[in-house]
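Enquirer: Predicted model, plus sequence, below.
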Amino acid sequence: MPELPEVEVLCRRLAPRLAGRILQRVEIHRPASIHRSSTRTFTGHCIGRVFGPVSRRAKRLLFGLNSDGGLPDGFLQIHLGMTGRVAIGDSDQESPAYPAVTFHLDHGRLVFSDARGLGRIDRVWVMPEGLGPEPLDPEFTPGRLATALGNSSQPIKVRLMHPQCLAGIGNIYAAECLFEAGIHPKRPTRDLREAEVHRLHRAIRSVLSQAIHVGWAATRSGNPAKWTLFHRETRGLGSDGKGSGFRVYDREGAPCPRCGLPIQRIRQASRSTYVCPGCQPLKP
C-alpha cells in the first residue's frame, strides 16, 4: 500500500512533467474508479482545464487545475488504493497494464492504472478536510503530536494509522517509527510519557524524511510504475541511502539491528505488526 513517502515521491516526479499541460480528452476504462460523480459529469469538469501544481495531502495526490483563463478551478484527486499507478508519457507509447482512466493532453497522456480496482479519482474544488496534521510540516511539533494522539485508549500503532490523527502514516511506517522511538505498538496511547511523545515525534520526522530520500534516489527509472511502490524495490529505508532494508517491517525472525533479538510479528487490527521485544518493551 502506498503511504506518505511513496505518494510524496510520486508527486515530486509528476509535478514538473504536468505543469501547463492542457486536458483535452478523458477516456474512462473503468467507470467504478470515478468517485462521487457520473462519468459524464466528471469528464465535463476536466476537459479544457490546465494542470497547475501537483501536491499531496495524506496519501492522496492532488493535481491543481486552472480554467482556460488561468484561474484556479479545483483539483483532480487520486487515491491510489493498493495497486494504483500514475504514469505520464507520449501518446504513442504502450498503455500501462490495467488502465482505469486515461487523460489525453495537448502533449502526451496521463494514465491512472489499477490492477485491483481499489483506487479512486475525484474532481474536487477544495483541499481534503477532516484529516490530521501533516507529519513533515514545519508546524508539526511535539505539542501538536500530543494533541493529535489525545487521551485515547487505542494502542499507539493503531492510533498513528488513523487518518484523523496523523495524515499519511500506514502500516509500514508506523512500525518503523515506533521501533525508532523504542515504543511497543500495543502500548495504550494515553500511557505515553512526555519524553516518549518527543521521541516519537523525532522518529516520525526522521523515518519519513529518510524514506522520501531513499525513494527519490531509487526511482531514477523512466518507468513510472517504479515511482510508486519503491519500497518493494529498495526493501526499505537503509541508513546508507540505498535501501538496505527496513529495520523491523516484514523481518519476522531476523535479528534486530540494535540488540540482535529476533523480530516478532504480532496482529493488530487485522494487520501484521513487527516489533523487537528487547528494544520495544511492552512495560517500560
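Expert: Here it is on my side, so go on.

Enquirer: nearest residue to residue 152 other than its sequence neighbours?
Expert: residue 189 (4.3 Å; Cβ to Cβ, 6 or more residues apart in numbering). (Glycine included, C-beta is placed from N, CA and C.)

Enquirer: whoops, residue 153 was the one
Expert: residue 188 (5.4 Å).

Enquirer: what residues are up against that neighbour?
Expert: Taking Cβ atoms under 8 Å, 6 or more residues apart in numbering, we find residue 188 in contact with 152-156.

Enquirer: now do residue 184
Expert: So residue 184 contacts 156, 178, 275, 280-282, 284 (Cβ under 8 Å, 6+ apart).

Enquirer: Mind pulling up the pLDDT for it?
Expert: We have a pLDDT of 98 for residue 184.

Enquirer: Now the phi/psi pair for it, please.
Expert: With angles defined as degrees, to the nearest 10, residue 184 shows backbone torsions of phi -70, psi 140.

Enquirer: The one 5 residues further on too?
Expert: Summarising the backbone geometry of residue 189 under the convention degrees, to the nearest 10, its torsions are phi -60, psi -40.

Enquirer: hmm, back to that, out of the contacts of residue 188, who's nearest residue 120?
Expert: residue 154 (26.3 Å; Cβ to Cβ).

Enquirer: What is the neighbour count of the nearest residue to the closest one once chain neighbours are set aside?
Expert: Nearest non-adjacent residue to residue 154, counting by Cβ to Cβ, 6+ apart: residue 189, 5.5 Å away. Applying other Cβ atoms under 10 Å, we find 20 residues neighbouring residue 189.

Enquirer: What pLDDT is listed against residue 189?
Expert: Predicted confidence (pLDDT) for residue 189: 98.

Enquirer: Where neighbours are concerned, which of the contacts of residue 188 has the most?
Expert: residue 156 (26 neighbours).
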